[in-house]
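>>> Got a sequence here, can you model it:
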Amino acid sequence: MRSPKGMLLPRIRAARVRRGNLYQTLRAAVLEGAFRPGQRFPSSRQAAADYGISRGLVEEVFTQLTDEGFLERGVGRGTFIASRVAQLTPAKGKKKRKRSPSPSRRGLAISANAACREPEIPVAFNAGTADIKEFPWERWRLLEARAARELGHEGLRFTDPRGLWSLRTAVARYVAQFRGMHCEPGQVIVFNSAQQALNAISILLLDRGDAAWMEDPGYLGARAAFGIAGARIVPVPVDDQGMRVDMGMRCSPRARLVYITPSHQYPTGAALSLERRIALLDWSRRNDSWIVEDDYDGEFGYDGQLLTPLYSIDTDSRVLYIGTLNKAMFASLRLAYAIVPERLVELLANIRTQLDGFTPAVTQMAMSLFMEEGFFSVHLRRMRALYKAKRTALIEALSPLVACRWQCPTRPAGMHLVVRHQDGGLVRALAEASSLDLALLSSYRITRASGDGLFLRYGALEISSLQAGAASLVATAARIRR
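Model (predicted):
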């Protein structure tokens, strides 16, 4: 293997490279911190070739920079940035810049929503991502290597923005087996995340000013996606049977789109009743509206059969179904999918190319092998049992709160828990007094409502950690009551 030829040198902003502008450019780059101390410079021969000038001219400049202490050179060793450069003040080599223009009002409004930004370190209770300690890393590593071999150089090219056919086929088989949904692989389009799918769908289906129903409280990422599309968000209340469809029809009977999490409402955990499912589908048919069904954690139901998705009882191709593999696998996988009417697939693929192009082929191929060869179903069963045990342990640890008029949901599902109290002031005081990373249920609301709750995400926590967090929460609540 050849030895490295050193860093790339900065471009000289002049039509012709001379000794003076070469010296000034290299000196300024060193002072401004473009190079780190100890970093290897190219040889004078390589630098002369890069700039298209004589080697003698480069040697003159290198010698001057060495004499001034910016470079260190040794016979047989090469040329390096001097270690003492770290002591120089970068500002000495910079000109004072004028203040840059302000961002747009629209950009500031969108950037103010940090709801989709996950914490880097999972602690009690911000850990809504997958538990990676139980992931079969060795198996996944072998499948990734196999995928790279099978794809060869094709894995380095642009990839179909709809997704690899093998993964689209695997997803279609998976939702048929585990979710009772029947679709063709051609209806599946692969995204990096459910949020990206939401953004693309919002851009495609909504014109500026169109009304879009949203559960209230609801997923803040959906609110962000509709905001980017310029839609008018219509908050629809949620109770223990899910979205109040009757209230939505009363507030905005001609809405263009409905966003809903019917299997496990985010964040309350309620399931949409069959009566309301039928009413919603009937309304969308009469009103010629779209329904976006986000099944963000549909794999994790812990009591009997999983709830039937809206998509399965839709007979008019009005429901677009969004699922994610990141929750079941690991957060950095970056694989999600949407199942949509065939006439929307190419349109969404074109929008996808304007967002980020495509998902890397090797990751897609590895995931399709993981699914088709049965490893995904084994992993799901293991994780379902683990998250059920975590949920049970958390509820038991919180039982002293429940004895003091706090309410816990009864439906066993998902990787988060909402603990409510009618005294909203007490809930907010507890959140402020606690050392834990707590989110309030009210922060997911668009309109104000009585009572409040704590939104506890526990997926990535070990049972001992969530029990310790719950004990701290109970102790803090006891101090506040005194």
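>>> tell me the contacts of residue 412?
Residues in contact with residue 412 (CB atoms under 8 Å, 6 or more residues apart in numbering) are 301-303, 388, 391. Where you see a C-beta, it was placed from the backbone N, CA and C, and this is true even at glycine.
>>> Would you mind reformatting those (as JSON lines) and adding columns for neighbour count and pLDDT while you're at it?
Formatted as JSON lines, the contacts of residue 412 follow (neighbours: other CB atoms under 10 Å; pLDDT from 0 to 100):
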{"residue": "301", "neighbour count": "19", "pLDDT": "88"}
{"residue": "302", "neighbour count": "16", "pLDDT": "87"}
{"residue": "303", "neighbour count": "10", "pLDDT": "81"}
{"residue": "388", "neighbour count": "16", "pLDDT": "94"}
{"residue": "391", "neighbour count": "22", "pLDDT": "94"}
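>>> Just send those residues back as CSV, with secondary structure and distance to residue 161 too.
Output for the contacts of residue 412, formatted as CSV (DSSP: H, G, I helix; E, B strand; the rest coil; distance: CB to CB, whole Å):
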residue, secondary structure, distance to residue 161
301, strand, 32
302, coil, 36
303, coil, 39
388, helix, 37
391, helix, 37
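>>> Spell out, range by range, the strands that occur in the stretch 351-482 of the chain.
Ranges of strands in the stretch 351-482 of the chain, per DSSP state E, counting those that start in this stretch, are 416-421, 439-440, 452-457.
>>> export the ones you listed to a markdown table and tack on distance to residue 465?
Shown next, in a markdown table, are these (distance: least, CB to CB, whole Å):
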| stretch | distance to residue 465 |
| --- | --- |
| strand 416-421 | 15 |
| strand 439-440 | 17 |
| strand 452-457 | 12 |
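>>> Could you look over those and pick the most buried one?
Among the strands of the stretch 351-482 of the chain, strand 452-457 has the highest mean neighbour count (mean count of other CB atoms under 10 Å), at a mean of 24.
>>> Only the C-alpha atoms, please, for that one, written as CSV.
Only the C-alpha atoms of strand 452-457 are listed here, as CSV (Å, rounded to 0.1, in the frame of the first residue of the first chain):
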residue,chain,number,x,y,z
ASP,A,452,-51.7,17.2,32.7
GLY,A,453,-49.4,14.2,32.7
LEU,A,454,-45.9,12.9,32.5
PHE,A,455,-44.7,11.3,29.2
LEU,A,456,-42.3,8.6,30.2
ARG,A,457,-40.2,6.9,27.5
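>>> Any chance of CSV for the strands of the stretch 351-482 of the chain, columns distance to residue 360 and mean pLDDT?
Output for these, formatted as CSV (distance: least, CB to CB, whole Å; pLDDT from 0 to 100):
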stretch, distance to residue 360, mean pLDDT
strand 416-421, 29, 93
strand 439-440, 32, 94
strand 452-457, 28, 94
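>>> So which bits of stretch 308-321 are buried?
309-312, 314, 318-321 (16 or more other CB atoms under 10 Å).
>>> Residue 162: which of those is nearest?
residue 320 (14.7 Å; CB to CB).
>>> Pretty sure that closest one sits in a helix.
No. When DSSP: H, G, I helix; E, B strand; the rest coil is applied, residue 320 is found to be strand, with no helix at that position.
>>> ok, it touching residue 344?
Yes. Using CB atoms under 8 Å, residue 320 is in contact with residue 344, at 7.5 Å.
>>> Could you list the single helix or strand in this structure with the lowest mean pLDDT?
helix 105-111 (a mean of 83; mean pLDDT, DSSP states H and E).
>>> mean confidence score for stretch 355-372?
Averaging pLDDT along stretch 355-372 gives 96.
>>> So for that stretch, what gets flagged as buried?
358-359, 361-371.
>>> Give me the contacts around the host helix or strand of residue 45.
For residue 45, the host element (DSSP states H and E) is helix 44-51. Contact with helix 44-51 is made by 5-6, 8-9, 12, 17, 22, 41-42, 54-55, 57-59, 62, 79, as judged by CB under 8 Å, 6+ apart.
>>> and the least confident helix or strand of the chain, what does it pack onto?
helix 220-229 (3 or more CB pairs under 8 Å, 6 or more residues apart in numbering; DSSP states H and E).
>>> list the helices and strands the helix it packs on packs on?
Taking 3+ CB pairs under 8 Å, 6+ apart as the contact cut, helix 220-229 packs with helix 105-111, helix 194-205, strand 211-216, strand 232-239.
>>> The stretch 1-150 of the chain: helices as residue ranges?
For the stretch 1-150 of the chain, applying DSSP state H, counting those that start in this stretch gives helices covering 19-31, 44-51, 55-67, 105-111, 137-151.
>>> buried stuff in the last one?
So that's helix 137-151. 140, 143-144, 147, 151.
>>> Including mean neighbour count and distance to residue 261, could the helices and strands packed on helix 220-229 go into a markdown table?
Listed next are the helices and strands packed on helix 220-229 as a markdown table, based on neighbours: other CB atoms under 10 Å; distance: least, CB to CB, whole Å:
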| stretch | mean neighbour count | distance to residue 261 |
| --- | --- | --- |
| helix 105-111 | 11 | 22 |
| helix 194-205 | 22 | 10 |
| strand 211-216 | 25 | 7 |
| strand 232-239 | 19 | 10 |
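>>> closest one to residue 349 among the ones you listed?
Among these, helix 194-205 sits nearest to residue 349 (CB to CB), with 9.2 Å.
>>> helices or strands next to that closest one in the packing?
Using 3+ CB pairs under 8 Å, 6+ apart: helix 194-205 touches strand 188-191, helix 220-229, strand 257-260, strand 290-294, strand 319-324, strand 336-339, helix 342-355.
>>> ok and it relative to strand 290-294, angle-wise?
Angle of helix 194-205 versus strand 290-294, following axes from the mean of the first three to the mean of the last three CA atoms, to 10 degrees, is 180 degrees.
>>> Of the contacts of helix 44-51, just the buried ones, PyMOL syntax please.
In PyMOL, this line selects whichever of the contacts of helix 44-51 come out buried by 16+ other CB under 10 Å:
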select buried, resi 5+6+9+12+17+22+41+42+57+58+62+79
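>>> which among the contacts of helix 44-51 gets closest to residue 378?
So of the contacts of helix 44-51, ranked by how close each gets to residue 378 (CB to CB), first place is residue 8, at 47.2 Å.
>>> and the gap between the closest one and residue 37?
18 Å (CB to CB, to the nearest Å).
>>> OK, contacts around the nearest residue to residue 165 once chain neighbours are set aside?
In this structure, residue 165 finds its nearest non-sequential neighbour in residue 185, 6.6 Å apart by CB to CB, 6 or more residues apart in numbering. Neighbouring residues of residue 185 by CB under 8 Å, 6+ apart: 165, 168-169, 171-172.
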